[in-house]
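[1] mind folding the following:
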Amino acid sequence: MFHSKLDINIPKGSNILLSGPPLSGTSMMAKYICLDALERKEAVIYISTKESGEKIQKWVSERTDIKGLGIVDCISKSLRLKTNIEDSNSIKYVSSSVDLTGVSVKYSGLLERFWNIEEYKNIRVTIDSLSTLLMYSNVQTVFRFLHILTGRVKKIDGYGIFTLDEDPENPQVAPIKQLIDIIIKIEKNKIIFSGFGIKEEFEFEIKEGKLIVGGKK
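    Here you go, the predicted model:
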């Protein structure tokens with residue numbers, strides 16, 4: 001369960017950068033945010049550059065109903081994790097994290113399905129992680145890709161959650177930050193929230209398989 005204290009002041013249509021050093025837990029935090037959305041009967045589009053779609057789907061299915069979950073898998077084909085890889089209803093595959101055009105096509109298809117066909121009116125879009133995209137593509141290419149994606153998030157009053165395994169003050173990330181409304185930094189057992197002119201800190205822990213976000217510090 002993802003505690004509502006963290007997102008209570010986040011307006012719909014916001015794009016959120018979830019950052020922290022390697023192994024700080026940004027990916028796990030992103031998963032719990034998506035898990036919270038599914039438990040609220042919202043739709044989730046999860047673009048993964050780190051883990052296979054099957055692994056993410058299994059993690060979610062062990063905790064809640066996966067109805068409303070769509071995954072864009074950017075890793076299985078490039079690593080040849082399976083011999084025969086074909087799209088399913090819930091997992092769409094692209095050749096690699098470099099194929100941002102392919103990601104856009106698969107993501108757009110899922111968004112069309114959730115928004116227009118299945119009529120979900122609350123959708124969260126996650127990219128885990130931007131660090132991988134920036135590793136294989138230049139920042140201008142990633143910026144153009146994100147400019148369209150974040151614009152769609154705003155248009156549907158959804159939420160965009162993008163993980164970054166490095167300091168958001170890195171000059172390379174500066175253009176990306178223009179598209180971000182809120183930055184959430186993870187430092188040890190703290191979440192530092194900054195955006196819309198405010199800055200707040202929360203304590204958190206993962207207890208018995210659940211993410212518990214405490215009160216403000």
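[2] okay, buried residues for stretch 51-67 please.
    Within stretch 51-67, the residues that qualify as buried are 51-53, 55-57, 60, 64, 66, counting by 16 or more other Cβ atoms under 10 Å. For glycine as for every other residue, the C-beta is placed from the backbone atoms N, C-alpha and C.
[3] return the member of those nearest to residue 34.
    Nearest to residue 34 out of the buried residues of stretch 51-67 is residue 60 (Cβ to Cβ; 7.3 Å).
[4] re the thing from before, most widely separated two among the buried residues of stretch 51-67?
    Using Cβ to Cβ, the buried residues of stretch 51-67 span at most 19.3 Å, a distance reached by 52 and 64.
[5] and the strand ranked longest in the chain, which strands flank it?
    Taking DSSP state E as the criterion, the chain has its longest strand at strand 198-207. Strand pairing for strand 198-207, determined by DSSP bridges: strand 190-195 (antiparallel), strand 210-216 (antiparallel).
[6] quick one: buried residues of it?
    202, 204.
[7] please apply the same query to stretch 97-110.
    Buried residues in stretch 97-110, counted by 16+ other Cβ under 10 Å: 97-100, 102-104, 106-107, 110.
[8] want to try a markdown table for those residues, with secondary structure as columns?
    Shown next, in a markdown table, are the buried residues of stretch 97-110 (DSSP: H, G, I helix; E, B strand; the rest coil):
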| residue | secondary structure |
| --- | --- |
| 97 | coil |
| 98 | coil |
| 99 | coil |
| 100 | helix |
| 102 | helix |
| 103 | helix |
| 104 | helix |
| 106 | helix |
| 107 | helix |
| 110 | helix |
